[in-house]
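S.K.: Return atomic coordinates for the entry below.
(one chain, ligands or ions: 2)
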Amino acid sequence: MERKKEMLLARLVEPGKLRFETAPVPEAGKGQVLIRILRCGICGSDPTTFKGMHPFCPPPVVMGHEFSGVIVEVGEGVEELAAGRRVTVLPHLTCGECPRCLEHKSNLCETVKCIGGQADGGHCEYIALDAEMVYPIPDSMSLESAAMVEPAAVGYHGAMRAGLTPDDQVLVFGAGTIGIFTMQACKALGAKAVYITDMDKDRLRLAASLGAGGVIDQGEESLEEGLTRLCGGPHGIDKFFECVGGKGAVLDKMISLARRGTTLVMIGIQSEGCHVEKLPFLGEHELSLLGSNMYDARDYAEVIALMGEGKIRTEGMITHTYKFGRLMEAFDLAVNKREKFMKIMLEMD
Ligand SMILES: [Zn+2]
Ligand SMILES: [Zn+2]
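M.R.: Ligands and ions are numbered 1, 2, ... in the order given. The predicted model follows:
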C-alpha cells in the first residue's frame, strides 16, 4: 500500500466539536510499526467522550480505539511483524514495569491510558504504535470483524472472570454490542445454556441469530416468567452478566434473581451516584459480585482465535457504515440516536 507524506485526522477539539486536520504521516520508531488504518468502529463510550462528559477522556484528543488496518512500515528491532500484515490493535499504553504489566494484565496497569480517549487514537489514516499492541489477524477475518475484536474482548474478559463450568446456566442483561459478545463468549467457553434479556426486539432477534439459547423480551414478559419458561423457575441461573450500566437498577434486579451462592459479573459501566438497594443480600446470600475492566493480552489472542474459528461472530452487528470524511454524520447518529443502530463502522479507504 502506498505511503503518503500527509494524512487526514479528526480531532475532538472541544466538547461536541470534531475538526479535520492534515498532519504529517508518523514514522515507525524503534520497536514500532506504522499502520494504515482501514476500519474504525464507534464505541458505546465514544458519545460520552464526544460530549466532553467522560471523566478520564477530556478533549482535545483524537478519538477511535476499535480499529484495524494493514502494516505499511516496521521500525528497528521488530521481527515478528512485517509490512502487508493485516492487524488489529489492543489500545492500551502501559508503563511496562508495574507488577500487573509484568503479568501482561495491561487493563490493570497502574498508569494505563487508552488511545482514542486518554491519548490520540484511530480517527486518522496512519498511526505508529509499539509492536506489542499490534495483533495479526487470520486471512479468514474481515477488516470489519478485526475492528470489533476490541468490544468482543470486553465481553470475553467478563466471561473469563466468571469461571464458567459446563453445568452453568447464564443470563446476560443487555443485548447491545457488549452483551451479544459476552453471550457468545460464555457459549464459546462451554456454559451449558446462555440466555439474554433486553427490551429491544431487534437486538434480541440479532442475539438469537448469533446463538443465544433463549431470549427474554422484558417488553413482553417479566424476567421471572421468562426464566421459568427457559429454565424451570425464576432462580435457575448460575452466572449473571451486567452489560447495561447505569445507576444500579439492573444490579438490583440481578441480585434479587440470584440464587444463594451464585456469581454476578459487572461489565457495564455504573454511573456516579449509583445506588444498589439490594446490596445487603450479597452477604446474606453469599453472592460473588465481580468487576470486569476491559481486557488483556491473553483475551485479545483468544478472541482473535475464536473469531477466526467462527465461534464468536459479528454478522448483522454493523448497522451503519460511513466513509471517514462523513465522521460528523456518524457521530450525529451515535449521539442524537435519530434511528436505531448497533455498531457504526468508519471506512478509511
Ligand atoms: Zn470500545
Ligand atoms: Zn504498568
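S.K.: Surely Val215 touches Met199?
M.R.: No - counting by Cβ atoms under 8 Å, Val215 stays clear of Met199, with 11.2 Å between them. For glycine as for every other residue, the C-beta is placed from the backbone atoms N, C-alpha and C.
S.K.: part of a helix, is Arg39?
M.R.: No - read with DSSP: H, G, I helix; E, B strand; the rest coil, Arg39 is strand and lies in no helix.
S.K.: neighbours around it, how many?
M.R.: Residues within reach of Arg39, counting by other Cβ atoms under 10 Å, total 25.
S.K.: Could you do Met183 as well?
M.R.: Met183 has 31 nearby residues by other Cβ under 10 Å.
S.K.: Same check on Gly96?
M.R.: What Gly96 shows, counting by other Cβ under 10 Å, is a neighbour count of 12.
S.K.: Which one of the residues in the stretch 201-349 of the chain is closest to ligand 2?
M.R.: Of all residues in the stretch 201-349 of the chain, Asp296 sits closest to ligand 2, at 11.5 Å by Cβ to the ion.
S.K.: ok, now which ones touch that residue?
M.R.: 104-108, 157 (Cβ atoms under 8 Å, 6 or more residues apart in numbering).
S.K.: Which pLDDT value belongs to the residue lying closest to Leu206 once chain neighbours are set aside?
M.R.: Distances taken as Cβ to Cβ, 6 or more residues apart in numbering place Gly316 nearest to Leu206, at 5.2 Å, with adjacent residues excluded. You'll see Gly316 listed with a pLDDT of 98.
S.K.: Could you give the secondary structure assignment for Gly316?
M.R.: coil.
S.K.: Give me the distance between it and Val194.
M.R.: From Gly316 across to Val194, the span is 18 Å (Cβ to Cβ, to the nearest Å).
S.K.: for Gly41, same thing?
M.R.: From Gly41 across to Val194, the span is 24 Å (Cβ to Cβ).
S.K.: residue closest to the middle of the protein?
M.R.: Centroid-nearest residue in the chain, with Cα atoms, centre = their mean: Pro151, separated by 1.8 Å.
S.K.: can you give me the end-to-end distance of stretch 312-326?
M.R.: 29 Å (Cα to Cα, to the nearest Å).
S.K.: residues near the nearest residue to Gly116 once chain neighbours are set aside, how many?
M.R.: Excluding the flanking residues, the one nearest Gly116 by Cβ to Cβ, 6+ apart is His65, at 3.1 Å. When neighbours are defined as other Cβ under 10 Å, His65 has 27 of them.
S.K.: Glu347: how many residues sit nearby?
M.R.: Counted with other Cβ under 10 Å, the neighbours of Glu347 add up to 16.
S.K.: Isn't it up against Gly325?
M.R.: No - contact criterion Cβ under 8 Å: Glu347 and Gly325 do not qualify, at 9.6 Å.
S.K.: so where is the stretch 1-150 of the chain shaky, pLDDT-wise?
M.R.: Confidence mapping of the stretch 1-150 of the chain against pLDDT under 70 gives the ranges 1-3.
S.K.: which residues touch Asp216?
M.R.: Actually, residue 216 is Ile rather than Asp. Contacts of Ile216 (Cβ under 8 Å, 6+ apart): 171, 195-197, 223, 226-227, 230.
S.K.: before we move on, what about Ala159?
M.R.: Residues counted as contacts of Ala159 (Cβ under 8 Å, 6+ apart) are 182, 185-186, 188-189, 241, 265.
S.K.: If we use 7 Å, what do you get?
M.R.: 182, 185-186, 189 (Cβ atoms under 7 Å, 6 or more residues apart in numbering).
S.K.: Same list, those residues, but as a markdown table with distance to Ala28 please.
M.R.: A markdown table is the format used below for the contacts of Ala159 (distance: Cβ to Cβ, whole Å):
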| residue | distance to Ala28 |
| --- | --- |
| Thr182 | 35 |
| Ala185 | 33 |
| Cys186 | 38 |
| Leu189 | 36 |
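S.K.: List just the nearest of those to Gln270.
M.R.: Thr182 (16.1 Å; Cβ to Cβ).
S.K.: From the contacts of Asp296, list just the buried residues.
M.R.: The neighbour count (16 or more other Cβ atoms under 10 Å) marks 105-107, 157 as buried among the contacts of Asp296.
S.K.: Return the member of the residues you listed nearest to Glu97.
M.R.: Using Cβ to Cβ, these come closest to Glu97 at Ser106, 12.2 Å.
S.K.: what's the closest one sitting at in phi/psi?
M.R.: Phi and psi for Ser106, reported as degrees, to the nearest 10, are phi -60, psi -30.
S.K.: mind checking how far it is from ligand 2?
M.R.: Separation of Ser106 from ligand 2 (Cβ to the ion, to the nearest Å): 7 Å.
S.K.: That residue is in contact with Val112, isn't it?
M.R.: Yes - under the contact definition of Cβ atoms under 7 Å, Ser106 touches Val112, with a separation of 6.1 Å.
S.K.: intersection of neighbour lists for these two?
M.R.: With Cβ under 7 Å, 6+ apart as the test, Ser106 and Val112 both reach 92, 94.
S.K.: picking up where we left off before, enumerate every residue touching the residue nearest to Gly116.
M.R.: By Cβ under 7 Å, 6+ apart, the residues touching His65 are 43, 91, 114-117, 121-122, 150.
S.K.: Can you show me the strands along the stretch 101-250 of the chain?
M.R.: 113-114, 126-130, 134-136, 169-173, 193-198, 214-217, 239-242 (DSSP state E, counting those that start in this stretch).
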